[in-house]
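In: The sequence isn't on hand, but the structure is:
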């Protein structure tokens, strides 16, 4: 158990809908990262938040957005869902991204299925 | 542009023998490298890491070697156990240019046969 929690574990929805994925980081970690794992793309970085502020952006679609709240939990919002958005979405957290040897610990993931 | 590559999709070894998983990278700005282990329907589990200022890091049965000139790293597992069977991902980060985002390889499925 990494200490990172994600809910829900599974999500099934229809095209065009909007969903929210939730992540709670490990105790003491200030930074949260979101990754997407799809069959043909592997694990891809989406976005990073540090202490409530966006720190870095990867290949995140404009239909997707995220935020980190004062209690440090984060939410990833996916809207206008398409079939191709079906994937595993992982959250990771770390203590201090400014440190060269900062290690990310991953949650169990949310499996999103868009029908 | 695949900056981190694991060229072997799968590897099969006998219990008790050595498992060697390989990873190549192209971005010379990468300065921190990690190995994660992943079981189906679970998140990646951190195994071991190495900073670019070192060429070897050891933790129990796991050793990671880094060859910066060849832009190559490897994970050695000795002795291999059936419980080590999983997908292993190599990942890298470049603090100076892209913060802590991790760039992952495609993964190698390791099967350890009893």
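Out: That came in fine, so what should we check first? Since the model is a prediction, treat every value here as computed from it, not as a measurement. Numbering: from 1, shown residues only, chains lettered A, B, ... in the order given.

In: Find the least confident helix or strand in chain B, judged by mean pLDDT.
Out: Using mean pLDDT, DSSP states H and E, helix B:95-98 stands out as the lowest-scoring helix or strand of chain B, at a mean of 64.

In: low pLDDT regions in chain A?
Out: Across chain A, the ranges flagged by pLDDT under 70 are A:97-98, A:100.

In: What separation do you get for the residue nearest to the spatial centre of chain A and residue B:50?
Out: Nearest to the mean C-alpha position of chain A, by Cα atoms, centre = their mean, lies residue A:34 at 2.9 Å. Plainly put, residue A:34 is 25 Å away from residue B:50 if you go by Cβ to Cβ, to the nearest Å. Where C-beta positions appear, they are placed from N, C-alpha and C, glycine not excepted.

In: Kindly report the same for residue B:113.
Out: 28 Å.

In: How about residue B:76?
Out: Noted for residue B:76: a distance of 12 Å to residue B:50, by Cβ to Cβ.

In: With residue B:70 instead?
Out: In terms of Cβ to Cβ, residue B:70 sits 14 Å off from residue B:50.

In: Who has more neighbours out of the two?
Out: Neighbour comparison, residue B:70 and residue B:50: the larger count goes to residue B:50, with 21 against 9 (by other Cβ atoms under 10 Å in any protein chain shown).

In: The more buried one against residue B:33, yeah?
Out: Yes. The criterion here is Cβ atoms under 8 Å, and residue B:50 meets it with residue B:33 at 5.2 Å.

In: Now do the buried residues in stretch B:32-42.
Out: Within stretch B:32-42, the residues scored as buried using 16 or more other Cβ atoms under 10 Å in any protein chain shown are B:32-38.

In: Repeat that for stretch A:62-70.
Out: Under the neighbour-count criterion of 16+ other Cβ under 10 Å, stretch A:62-70 has A:64, A:66, A:68 buried.

In: all strands of chain B, in order?
Out: B:4-5, B:10-14, B:19-25, B:32-38, B:45-51, B:56-59, B:62-67, B:72-77, B:86-93, B:103-104, B:108-113 (DSSP state E).

In: interface residues of chain A facing chain B?
Out: A:2, A:4, A:6, A:31, A:33, A:35, A:42-45, A:48, A:55-56, A:58, A:90, A:92, A:94, A:97-98, A:100-109, A:111 (Cβ under 8 Å from any Cβ of the partner chain).
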